[in-house]
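>>> What would the 3D arrangement of this be:
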Amino acid sequence: DSWADYMHPTWPQVLGRRLGARVINFAQAGSMCGDIRNQAQRALISPEVPKAVGGLFQSETLIVIHTCGNDFIMKMAEAFMGGGLGGLLGGGG
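Okay, here's the model as predicted:
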């Protein structure tokens, strides 16, 4: 979501800088929990991500999964607005 995909340095980029690590970010602003599979698939097939023998991630690879923030915000908005927001915006469930 936008905490990890934004125009200024995001928390994964700041963390990577502090650790001296290369950051390859597959976050998508506005994404929901259901989008995590597509983001993971993009990471798996990306030529940018270093792979070990057999195509697996290298053992020193750190994968950070940041998800469901927008799902949480949508549920909170629904609760505050009487439950009708999800149907209006296509979210909820």
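>>> If I look at the residue of the chain most remote from its centre, what pLDDT would I see?
Most distant from the centre of the chain: G82, at 28.2 Å, with distances by Cα atoms, centre = their mean. Predicted confidence (pLDDT) for G82: 74.
>>> tell me which element it is part of?
Per DSSP states H and E, G82 falls between elements, in no helix or strand.
>>> Any idea which helix or strand in the protein has the lowest mean pLDDT?
helix 85-89 (a mean of 57; mean pLDDT, DSSP states H and E).
>>> so where's the longest helix in the protein?
helix 69-80 (DSSP state H).
>>> list the buried ones in that one?
N70, D71, M74, K75, A77, E78 (16 or more other Cβ atoms under 10 Å). From N, CA and C alone the C-beta is placed, and that goes for glycine too.
>>> The fourth one and M81: what is the separation?
Plainly put, K75 is 11 Å away from M81 if you go by Cβ to Cβ, to the nearest Å.
>>> what does the first one give?
Distance, N70 to M81, by Cβ to Cβ: 16 Å.
>>> Mind jotting down where the helices sit in this structure?
Going by DSSP H, the chain shows helices at 11-19, 36-45, 69-80, 85-89.
>>> Kindly tell me how buried the residue lying closest to D35 once chain neighbours are set aside is, as a neighbour count.
Using Cβ to Cβ, 6 or more residues apart in numbering and skipping the chain neighbours, the partner closest in space to D35 is Q28 (6.3 Å). Using other Cβ atoms under 10 Å, Q28 has 17 neighbouring residues.
>>> same question, M7
Neighbour count of M7, defined by other Cβ under 10 Å: 7.
>>> how close does it get to Q28?
M7 is 14 Å from Q28, by Cβ to Cβ.
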